[in-house]
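Student: compute the structure for the input listed below.
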Amino acid sequence: MMKAFSRRAVLFIGAAMMLPSLAAAENYPSHPVKIVVPFPAGGSNDIIARILAQKLSERTGQQFFVENRGGAGGNIGAEAVAKASPDGYTLLVTAPPPLTTNVALYKNLPFDPARDFAPVALLATVPIVLMVHPSLPVKNVRELVALAKSKPGTLNFGSSGIGSTNHLAGELLKRLTGIDIVHVPYKGAAPAMNDLIAGHIPMMFDNMPAVLPQVQGGAVRAIAVAGAKRASALPDVPTVAEQGVEGFEAFSWFGLVAPAKVPAPVLETLQREVEVILRMLDVRKRLAELGAEPGAIAGVELGKFLADDTAKWTRIIQASGATAD
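Tutor: Numbering: from 1, shown residues only. From the prediction side, this is the model:
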């Protein structure tokens, strides 16, 4: 009898202790929320996070602010969020590496992307464009592949760093076409683009926001879009797949995640608010100016997307032998 009473008492006390946390989740947010961006300020990731932060602040009446914590391919900022209190007051807005590709690139990743984060929403997708220096005698992917096969190991392609989506797009092209081109990693997309414009490297993949002004100004030649469909910002540029490389698809994206075990009501609030924000005309216009498109998945769907993306790029990384350690 006493044992049964003790069990009931424990259950009652446990339920009572849960009530404040449930109430806090129901009233979320009740104080400022930090959004960590695991890359330096000024890039596409940072811009999109600040758009989101501004709109969430306006809609909820609480301040959402961005904190840039770059380093180690995004791992430093992502680790900070993974180990933060699971109350919804520390969030992560990130490009792919910390949630997908870094698992295969780093031997001792200080967090588990699949275990330590709760997927909230895909904020935006960004087309990747294959560009060449105007002096390179190619105007399409077929001519590029033919040139690379005639001079194996002599063509270089730049990227924003080992394991970046732009690097892996090049590795995917190598795998699907059998060409031998050499990866040249830079400390960021800007210096790589500068070397492409200067003619120090003949080609590279890069995100649409950085590509558009250079293409429009004639500094580089866009020969293909890496995604499954043409980009609205460059409608006359065909995809890599359209030009004979079946199965080629690569794009960048930005997602919102929270620490694992964040209460369901908090996740639901964030998902609901993001859905409304991504439908706003001024937000869609700003994303279009960046060459981006609003995301359309959240929660469980985003979790599956992350798992599929991780599996895809892990195969490419392992085949290339790339490592960041």
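
Student: helices along the stretch 1-150 of the chain, start to end?
Tutor: In the stretch 1-150 of the chain, the helices defined using DSSP state H, counting those that start in this stretch lie at 2-26, 44-60, 75-82, 102-105, 113-116, 141-150.

Student: tell me what the fifth one is packed against?
Tutor: Translated: helix 113-116. Counting contacts by 3 or more CB pairs under 8 Å, 6 or more residues apart in numbering; DSSP states H and E, helix 113-116 packs against helix 299-320. (C-beta placed from N, C-alpha, C; glycine too.)

Student: so what's residue 262 up against?
Tutor: By CB atoms under 8 Å, 6 or more residues apart in numbering, the contact list for residue 262 reads 86, 87, 88, 118.

Student: would you reformat those residues as TSV and include neighbour count and pLDDT?
Tutor: Putting the contacts of residue 262 into TSV (neighbours: other CB atoms under 10 Å; pLDDT from 0 to 100) gives the following:
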residue	neighbour count	pLDDT
86	17	97
87	18	97
88	23	98
118	21	98
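
Student: of the residues you listed, which is the nearest to residue 235?
Tutor: Closest approach between the contacts of residue 262 and residue 235, by CB to CB: residue 118, at 37.2 Å.

Student: any idea how far residue 115 is from the closest residue in space to residue 114 that isn't next to it in sequence?
Tutor: Nearest non-adjacent residue to residue 114, counting by CB to CB, 6 or more residues apart in numbering: residue 307, 6.9 Å away. The span separating residue 307 from residue 115 equals 12 Å under the rule CB to CB, to the nearest Å.

Student: who has more neighbours out of these two?
Tutor: Under the neighbour definition other CB atoms under 10 Å, residue 307 and residue 115 were set side by side, and residue 307 has more, 14 against 8.

Student: show me which pair in the contacts of residue 262 is furthest apart.
Tutor: 87 and 118 (11.8 Å).

Student: in the stretch 151-300 of the chain, which spans are strands?
Tutor: Per DSSP state E, counting those that start in this stretch, the stretch 151-300 of the chain carries strands over the ranges 156-159, 182-185, 203-207, 221-225, 251-259, 293-294.

Student: looking at those strands, which is buried most?
Tutor: Mean neighbour count, computed with mean count of other CB atoms under 10 Å, is highest for strand 203-207 among those, reaching a mean of 27.

Student: what's the average pLDDT for stretch 276-290?
Tutor: What stretch 276-290 shows for mean pLDDT is 94.

Student: in it, what's buried?
Tutor: 277, 278, 283, 287, 290 (16 or more other CB atoms under 10 Å).

Student: which of these lies closest to residue 164?
Tutor: Closest to residue 164, out of all of those and judged by CB to CB, is residue 290, at 17.6 Å.

Student: tell me the contacts of the nearest residue to that closest one once chain neighbours are set aside?
Tutor: Of all residues not flanking residue 290 in the chain, residue 209 sits nearest, at 4.6 Å (CB to CB, 6+ apart). Contacts for residue 209 were tallied using CB under 8 Å, 6+ apart; they are 44, 126, 290, 291, 292.

Student: quick one, what contacts the third one?
Tutor: Read that as residue 290. By CB under 8 Å, 6+ apart, the contact list for residue 290 reads 44, 47, 48, 124, 126, 208, 209.

Student: the fourth one now?
Tutor: By CB under 8 Å, 6+ apart, the contact list for residue 291 reads 126, 127, 207, 208, 209, 211, 212, 231, 233.

Student: now do the last one
Tutor: Residues in contact with residue 292, defined by CB under 8 Å, 6+ apart, are 44, 48, 124, 125, 126, 208, 209, 254.

Student: distance of it from residue 47?
Tutor: As judged by CB to CB, residue 292 and residue 47 stand 9 Å apart.

Student: try the third one
Tutor: Summarising the geometry, the distance separating residue 290 from residue 47, computed by CB to CB, is 7 Å.
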